[in-house]
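> One predicted model, sequence on top.
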Amino acid sequence: LQGLAYINKEGINSVREGVKELEKAGYIKRRRVRGDKGLFTGNEYVIRELPESENPSYENRTLDNRTLENPTYDNETQIKKEREKKEKEKIDCINHRIISYQPENDTSEVSKTLPVAESIRSDRQSYEDILQLILYCLLFTLMVKIGVGNDPLNGLYFYPEPVQERVFELGLTDRETVAGKRKRFMTMFFFVMLAVLLLIIGLWNGIHTFRSAYLQALLFLEVMNWYDGIVIDRLWVGHSKFWVIPGTEDIPFVQTWSQVFRKRIILTLIWIVGAVIVACLDIFLFR
């Protein structure tokens, strides 16, 4: 009964009452099963398509429009084979559909099936969460690369102010151009990252409750935040010659670790609020 309650998402009392009603009506027959040592191990249930009182009697069966009041030996053998075949089919059906009640201290494989299945589902969900975070961070990197292209001047707005002033003095670009590129990139970046995050939460994971959507949005936003500071700012920008703008080599442009942590902690607090907005959008779009 516990197995049926788990499968049907019903309470154990509701399932028990339903089984009792079917048993009274003659659709179910219950038999107590004992093990090798004579101890009670569970209940065996036999399910009938028709109530027991309505099962046709073989004594009144007709064959070729004749009543078998005195069946011959061949007819009796055929009837016996048909009866055994039907009983076997019922037993096979029961073995596939019924999980007998097991005592709380029972250590059989049946009692271990549900926890093992839950563990498998939990591990699978953990792997999916990690995969989603990796894909989201790769998308972040791709968006930065698209915004910068093959010229670091396209991402001058990422650089500290002293580097920008030197570039303007050298006449490599102007403020209006940088401001326009910054506006276009930020608009595209936030739209794409927000849309993908909503699709992951609402469609891929099928989350439509505020609490779950908020927690998952917060996880993605915080991972993205620290990925930006550590992997993008410190590792990629700090160790790639691509980001060095000619004429500004003497000006430091890579953030120090203290600057990274200070900025990321501030953004961590900001994304706590940002996750609320994402969760509300998820409820509005997918619920």
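Thanks, I have it. Numbering: from 1, shown residues only.
> Helices along the stretch 101-250 of the chain, start to end?
With helices called from DSSP state H, counting those that start in this stretch, the stretch 101-250 of the chain shows them at 109-148, 161-170, 175-199, 210-227, 238-239.
> Now do the residue nearest to Lys181 when sequence neighbours are not counted against Thr256, distance only.
Distances taken as Cβ to Cβ, 6 or more residues apart in numbering put Asn154 closest to Lys181, at 6.0 Å, once the chain neighbours are dropped. (Glycine included, C-beta is placed from N, CA and C.) To Thr256, Asn154 is 25 Å away according to Cβ to Cβ, to the nearest Å.
> And the two? Which one has more around it.
Using other Cβ atoms under 10 Å as the criterion, Asn154 and Thr256 rank with Asn154 on top: 18 against 11.
> Give me the secondary structure label for Val254.
Here Val254 is recorded as coil under DSSP: H, G, I helix; E, B strand; the rest coil.
> just to revisit the earlier point, any idea which of the helices of the stretch 101-250 of the chain is most buried?
Highest mean neighbour count among the helices of the stretch 101-250 of the chain (mean count of other Cβ atoms under 10 Å): helix 210-227, with a mean of 18.
> what's it in contact with?
129, 132-133, 136-137, 140, 193, 197, 200-202, 205, 207, 264, 267-268, 271-272, 274-276, 278-280, 282-283 (Cβ atoms under 8 Å, 6 or more residues apart in numbering).
> could you check the angle helix 175-199 makes with that helix?
140 degrees (axes from the mean of the first three to the mean of the last three Cα atoms, to 10 degrees).
> how about the CA coordinates for helix 210-227, as CSV?
Extracted in CSV, the C-alpha atoms of helix 210-227 (Å, rounded to 0.1, in the frame of the first residue of the first chain):
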residue,chain,number,x,y,z
PHE,A,210,8.5,31.7,-6.5
ARG,A,211,10.8,30.3,-3.8
SER,A,212,12.4,27.7,-6.1
ALA,A,213,12.7,30.1,-9.0
TYR,A,214,14.3,32.7,-6.7
LEU,A,215,16.9,30.3,-5.3
GLN,A,216,17.9,29.0,-8.7
ALA,A,217,18.1,32.5,-10.2
LEU,A,218,20.2,33.6,-7.2
LEU,A,219,22.6,30.7,-7.8
PHE,A,220,23.1,31.5,-11.5
LEU,A,221,23.5,35.2,-10.9
GLU,A,222,26.0,34.7,-8.1
VAL,A,223,28.0,32.2,-10.1
MET,A,224,28.1,34.5,-13.1
ASN,A,225,29.2,37.4,-10.8
TRP,A,226,32.2,35.5,-9.4
TYR,A,227,33.0,33.9,-12.7
